[in-house]
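J.: sharing a model prediction with you, sequence too.
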Amino acid sequence: MNCKVNSIFKKLNTPEQSGKKIGLFRTICAIFGGLLVAYLAMTLLVFILPGTAGESIIIPLMFNTLAWAIAALWISVSSTKMIALYKIFIPSTIFCIAIAVFILGN
């Protein structure tokens, strides 16, 4: 069991052979992970902006596409698959904790 986990971890930490190919794994991580990170960031922005949620929703709606594109590009330029996963899970966890703090604080 431990050997299997080490094998998967080693495979995820291996850089791509060619820097010209992004690869299917990083592409899927960039699309869906970028969307997740962008939506969580925009949800947090709704809580941070002053005013009611109805008034504050306009700015995150306008900037969601830009945030998604930036997050997807940031994830897709990762040198390894493990770094791409880190770039999804670490910001998502931080945004989820911050959103939970804002929800429970009110």
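T.: Received, thanks.
J.: going forward, measure contacts and count neighbours with C-alpha atoms only.
T.: OK.
J.: same for the strand or helix carrying residue 8, what does it pack against?
T.: Taking DSSP states H and E as the definition, residue 8 sits inside helix 2-13. Packing partners of helix 2-13 (3 or more C-alpha pairs under 8 Å, 6 or more residues apart in numbering; DSSP states H and E): helix 81-105.
J.: could you list every helix and strand in contact with the helix it packs on?
T.: helix 2-13, helix 24-28, helix 34-48, helix 58-76.
J.: hey, least reliable of these by pLDDT?
T.: Note on the helices and strands packed on helix 81-105: helix 2-13 shows the lowest mean pLDDT, a mean of 81.
J.: can you list contacts of that one?
T.: With C-alpha atoms under 8 Å, 6 or more residues apart in numbering as the contact definition, helix 2-13 has outside contacts at 80, 81, 82, 83.
J.: ok, back up a step: and the helix holding residue 8 with helix 81-105, angle?
T.: If you take axes from the mean of the first three to the mean of the last three C-alpha atoms, to 10 degrees, helix 2-13 sits at 90 degrees to helix 81-105.
J.: including neighbour count, distance to residue 5 and pLDDT, could the contacts of helix 2-13 go into a markdown table?
T.: A markdown table is the format used below for those (neighbours: other C-alpha atoms under 10 Å; distance: C-alpha to C-alpha, whole Å; pLDDT from 0 to 100):
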| residue | neighbour count | distance to residue 5 | pLDDT |
| --- | --- | --- | --- |
| 80 | 17 | 17 | 87 |
| 81 | 22 | 15 | 89 |
| 82 | 18 | 13 | 91 |
| 83 | 18 | 17 | 91 |
